[in-house]
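Participant: pasting the sequence and the predicted coordinates here, then a few questions.
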4 protein chains.
Amino acid sequence: MKRIGVLTSGGDAPGMNAAIRAVVRTGCINDMEVYGIKRGFQGLISGDMERLDLRSVSDIIHRGGTMLFSARCPEFKEVAGIQKGVDSCREHGIEGIVVIGGDGSFRGARDLSLSGIPCIGVPGTIDNDIACCDYTIGFDTSMNTIMQMVDRVRDTTESHGRCSIVEVMGRKAGYLALNAGIAVGATAILVPEFDYDIEKDIIERMRRTQKTGKRHFIIMVAEGIGGVEELSRQVEKALGVESRAVILGHVQRGGTPTCRDRVVASQMGYRAVKLLLNGKDNRVVAMQHEQIIDFDIYEALSMKKTIDNELYSLAHEISI
Amino acid sequence: MKRIGVLTSGGDAPGMNAAIRAVVRTGCINDMEVYGIKRGFQGLISGDMERLDLRSVSDIIHRGGTMLFSARCPEFKEVAGIQKGVDSCREHGIEGIVVIGGDGSFRGARDLSLSGIPCIGVPGTIDNDIACCDYTIGFDTSMNTIMQMVDRVRDTTESHGRCSIVEVMGRKAGYLALNAGIAVGATAILVPEFDYDIEKDIIERMRRTQKTGKRHFIIMVAEGIGGVEELSRQVEKALGVESRAVILGHVQRGGTPTCRDRVVASQMGYRAVKLLLNGKDNRVVAMQHEQIIDFDIYEALSMKKTIDNELYSLAHEISI
Amino acid sequence: MKRIGVLTSGGDAPGMNAAIRAVVRTGCINDMEVYGIKRGFQGLISGDMERLDLRSVSDIIHRGGTMLFSARCPEFKEVAGIQKGVDSCREHGIEGIVVIGGDGSFRGARDLSLSGIPCIGVPGTIDNDIACCDYTIGFDTSMNTIMQMVDRVRDTTESHGRCSIVEVMGRKAGYLALNAGIAVGATAILVPEFDYDIEKDIIERMRRTQKTGKRHFIIMVAEGIGGVEELSRQVEKALGVESRAVILGHVQRGGTPTCRDRVVASQMGYRAVKLLLNGKDNRVVAMQHEQIIDFDIYEALSMKKTIDNELYSLAHEISI
Amino acid sequence: MKRIGVLTSGGDAPGMNAAIRAVVRTGCINDMEVYGIKRGFQGLISGDMERLDLRSVSDIIHRGGTMLFSARCPEFKEVAGIQKGVDSCREHGIEGIVVIGGDGSFRGARDLSLSGIPCIGVPGTIDNDIACCDYTIGFDTSMNTIMQMVDRVRDTTESHGRCSIVEVMGRKAGYLALNAGIAVGATAILVPEFDYDIEKDIIERMRRTQKTGKRHFIIMVAEGIGGVEELSRQVEKALGVESRAVILGHVQRGGTPTCRDRVVASQMGYRAVKLLLNGKDNRVVAMQHEQIIDFDIYEALSMKKTIDNELYSLAHEISI
């Protein structure tokens, strides 16, 4: 394999640049030419790519976002779109591709692999919602960004003796809400993975905590639950505590990546190229129990991910 | 004067603790007893206060929020409420009060002064909307918090080639939006102090900038303008650029204060106590042209504040 | 068990407060009385302790340092010192103790356990040098602090085309240097766990990298290697690149803990109390492969820890 | 004037990129060609420059360091060096130059102006040691970086009941030490502008503060004073308080600029080009009492700067 491509697809995540850097560097030192493909599969179809060398990826390891840009590409869900991708690879001599993104991007990678262009997926999403991975690139940064923002919200919440109901990203997954919720000492945490009852899990908890002398409250709500404005009104009505809904928004997606995100992204990008060099195809790099491993994409896409039950119990037990 | 009180009132602001610390320390070393009054004028009325000494304010200079808590107190807008405040002062032997807050709080301070309890106001609000001051406690921190959050938003905005329409606090004033907008290189900044035309000041500007090759955009909108969801739709429709509204919310009020906020708050708290020691009454401490000065509260409340015209022009000229 | 103590011993680490909070909260909700012992074993000997309740540990989860203070206690290495500790426990009715610290502190915990006071160790040290644990409380925060500081150093290093030789903490372990070194893209990383040759591993690497066009360099050196001033002179002489030694110092020990440190510390503190409740004794809580487990302290102290070989190779391969 | 140059010279400072951006943008929209000259006067002499357009300075406003690099240039202190600079300007058609840097750089600008190439200086140095300016680009960022680092040092200092003696940058000026010292609540601050006596100003102060119950101490020492290792020994000996010297080093020079540094740098860069456009020559842009003004370089270089006496007194009064 003499020429490979790398692209980022789907929602961007801090650490993607570190993964790109590792792919480019590992490719170059193994005597491959590496092409950066712009805007995900869209750039692949349109042939929007350029050669990257060792120095093209200097001074990007600490930058948020993705230097290759990202985009969703509906065309790539169709057979015709995949074929255009294959044709583009043939035309540009691209013999393999590292695809950095989430589940949707891995489906594209699998289809491209099936059509004869070996692909390796690298899990990059702040949501941490990829079943075969304990940890995805961007999760650690986003979790810390949320925590820092809620630490700020806490200051004003405490000054005024209020309740702040904070909605955080994560799509259908509660990892960001659960971890950041524990870290900020949230009185209650609502995630899609567990049933909840507003009266019992929020109002009652707050009431009990009030009795111990607490006057301000943070409630953490995952995006997959939502409804923070309405919840804020319910809390205010039930407890007479002034309540505010806070939706953290796109701030959660950006920022310089944490150490962990930079290191893991480097490991994963490195592993992806090694897999291509070893003739592997249709694999996704993953982290389980702190080890970098890899799975067949089919297999990976069919897995189910669970959330840590004990962590959830702990949150409920000590956040009072 | 042997015993004074200090309180924070209205919306909290980073740096209020530094001001409290300066008041307490300056009072103590000048042989006064200093009482911390809780939750603003509410705590004054109800007698919720405790004596603070040199060490009570240790390790708070770097903390956001206010250790004395804050609250709005409608009762204090009535003559009866003021009288309760006066009675409480007599009862507890409080001979003067430093009131840290905004214009609303200064009206309370003025009424209390008129009723025989000497008060000194210290300007604490992130909005920087106090006419007699170039600079209010909390403004610098909030400006930087906004900037840091929008720097994060920029990462994802750039990765996806989007337009982000960001709404920031400031009530009827545009200082936060203007300064943070310049700092993040916003393509357009809308503040209540200047008229604007969406077609000319946003759409046209973006179109012109697009021609120079720019693909992502930040638009900064002051709270006093609002309507970011609607604006987002307009931009998307007119330019075909995917747009997102981002409302930064209460995160802007919290966080460890910046160096400038800590230093200026220390200067202002210090000055406030010196004024009381010198027999002054009904004054508000202010900063103009980097000098700490003071004004009669009446006079201060009747002033009009303008926004820097040149700064606004500069923003429009270079943010392209 | 109706009354337990908690103490922090040895060098402080960010996240210790989160662990204390978890111990206190878990104790209280399981109907135990929890005493905070000040300044480690010193406070145990002198009986310097106070009862903590649910609210005593409010608003500390985000604070660096330790609210119980820490100290080294040479007296506790002697039999007489241990006996004083036991006597103090009897006197105050302390039936078990959670000891948060490093290997030295665990030796104290083991000796106390042997003398009849059940102890559970919780690993807290920024150095990550506890053999039975993949991860110790404070490591993640310190790693990120170092990274952020070196990101700043990088700005000025790049502006001036210099080489910065950065010494970071870690005592005899290279975990901080290795991880932070990868995260900042250091051209070379020296850790005590691996042999190195200055000519081959630094000078030659820099020369090779220079040829690719790189003009500024970061070299990461673990405390256990040291000698950064001398190394700086060697680099300057060999390559003619202006070089600067930077010793990061005690800044690395402080700061608000990261999300990971807060969550893991909460889990570990929680587990420690559960162990005491279950009648366990002389155990140390640990994290391996992301699971919270526990070991006999004897066993734990006799383990040897290795550094990730692959991570070290990766660093050398892609940081060029 | 149809073609101008811009360069950064001397020590780099956060915000220089914001100033470069303002110069380039203001030049371009006023129909000038703007050339970025690399590595200060060195690049001018060697003709190392390239044309910059509106988009060349996109996404740099938030970056530390300087995209044009910086260097000291001894050759430019000689008549022959200046002449080479003039020749290079003639050759490349450069009709005016904006020089961003400190006093040394302004001397070069003045010499170049005298030789027929109109120059405008823009004050960029973290030290804030330019006599005609209240405020120089980079000062605010550096002050905040120092403060944040010392806030971290404070955590560990407090946990262990120590004294930390912190040396900060500033060359012969004490602005950084004084402002950051107040912001971190330093028990004593030593700056070159004021005489001090170790026994009276440090030992005695600490002793007095100890009596109020304080157990940990931060002492802030300006670079122009130095000797922190020795001071640490003296404090330890006199008071029996474990003491540590901390030299913050080059971390202080880097990092993303604060809001204030970005805004003021934008204003100053903008003003510099306007001056050139209005036919001005040999001027330095300055900020006094929050106003952007300008001075003759000769005049500016002969001014003397004083440090705020009141601020120094305040520090001594309330930091106890």
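Facilitator: Structure's in. What do you need?
Participant: now residue A:88. Nearest residue, chain neighbours left out?
Facilitator: residue A:47 (5.1 Å; C-beta to C-beta, 6 or more residues apart in numbering or on different chains). Heads up, the C-betas are built off the backbone N, CA and C, glycines and all.
Participant: thought residue A:93 was touching that neighbour, still the case?
Facilitator: No: assessed by C-beta atoms under 8 Å, residue A:47 is found out of contact with residue A:93, at 11.7 Å.
Participant: between these two, who's got more neighbours?
Facilitator: residue A:47 (15 against 12; other C-beta atoms under 10 Å in any protein chain shown).
Participant: okay, now the residue lying closest to residue A:73 once chain neighbours are set aside: neighbour count?
Facilitator: In this structure, residue A:73 finds its nearest non-sequential neighbour in residue A:41, 4.0 Å apart by C-beta to C-beta, 6+ apart. Residue A:41: 31 surrounding residues under other C-beta under 10 Å.
Participant: for residue A:41, give me its contacts.
Facilitator: A:7, A:9, A:71, A:73, A:75, A:76, A:81, A:85, A:105, A:108 (C-beta atoms under 8 Å, 6 or more residues apart in numbering or on different chains).
Participant: try residue A:247
Facilitator: By C-beta under 8 Å, 6+ apart, the neighbours of residue A:247 are A:166, A:167, A:228, B:247, B:249.
Participant: kindly reformat those as TSV containing secondary structure.
Facilitator: TSV is the format used below for these (DSSP: H, G, I helix; E, B strand; the rest coil):
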residue	secondary structure
A:166	strand
A:167	strand
A:228	helix
B:247	strand
B:249	helix
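Participant: the closest residue to residue A:2 other than its chain neighbours: how many residues sit nearby?
Facilitator: Nearest residue to residue A:2, sequence neighbours excluded (C-beta to C-beta, 6+ apart): residue A:32, at 6.0 Å. When neighbours are counted by other C-beta under 10 Å, residue A:32 registers 20.
Participant: near chain B, which residues of the stretch 151-300 of chain A are found?
Facilitator: Within the stretch 151-300 of chain A, the positions near chain B by C-beta under 8 Å from any C-beta of the partner chain are A:151-161, A:164, A:244, A:246-255.
Participant: which stretches of the stretch 151-300 of chain A form strands?
Facilitator: All strands of the stretch 151-300 of chain A, identified by DSSP state E, counting those that start in this stretch, fall at A:163-168, A:188-190, A:217-222, A:243-247, A:283-288, A:291-296.
Participant: sorry, back to before: looking at the residues of the stretch 151-300 of chain A next to chain B, which are in helices?
Facilitator: The helices, defined by DSSP state H, take in A:151, A:152, A:153, A:154, A:155, A:156, A:157, A:158, A:159, A:160 from these.
Participant: filter those residues down to the ones close to chain C.
Facilitator: Checking those against chain C (C-beta under 8 Å from any C-beta), the matches are A:151, A:154, A:158.
Participant: ok, so of those residues, who is nearest residue D:210?
Facilitator: residue A:158 (30.9 Å; C-beta to C-beta).
Participant: verify the stated contact: that closest one with residue B:65.
Facilitator: Yes: using C-beta under 8 Å, residue A:158 is in contact with residue B:65, at 5.5 Å.
Participant: so which of these two has more stuff around it?
Facilitator: With other C-beta under 10 Å as the criterion, residue A:158 and residue B:65 differ in neighbour count, and residue B:65 comes out ahead with 28 against 25.
Participant: quick check: the gap between the more buried one and chain C.
Facilitator: 10 Å (C-beta to the nearest C-beta, to the nearest Å).
Participant: contacts only, for the residue lying closest to residue A:149 once chain neighbours are set aside.
Facilitator: Excluding the flanking residues, the one nearest residue A:149 by C-beta to C-beta, 6+ apart is residue B:251, at 4.7 Å. Residues in contact with residue B:251 (C-beta under 8 Å, 6+ apart) are A:149, A:152, A:153, A:246, A:248, A:251, B:145, B:149.
Participant: which of those residues lies closest to chain C?
Facilitator: residue A:152 (10.4 Å; C-beta to the nearest C-beta).
Participant: if you tally nearby residues, what's the number for that closest one?
Facilitator: 24.
Participant: just the pLDDT for it.
Facilitator: Looking at residue A:152, its pLDDT is 98.
Participant: related to what we said a few turns ago, for the contacts of residue A:41, give me a markdown table that also has distance to residue C:232.
Facilitator: Shown next, in a markdown table, are the contacts of residue A:41 (distance: C-beta to C-beta, whole Å):
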| residue | distance to residue C:232 |
| --- | --- |
| A:7 | 41 |
| A:9 | 44 |
| A:71 | 46 |
| A:73 | 50 |
| A:75 | 55 |
| A:76 | 51 |
| A:81 | 55 |
| A:85 | 50 |
| A:105 | 45 |
| A:108 | 49 |
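Participant: of the residues you listed, which belong to helices?
Facilitator: Per DSSP H, those map to helices at A:81, A:85, A:105, A:108.
Participant: all helices of chain A, in order?
Facilitator: Using DSSP H, helices in chain A cover A:16-29, A:41-46, A:79-92, A:103-114, A:139-160, A:175-183, A:205-211, A:228-239, A:259-277, A:297-302, A:309-318.
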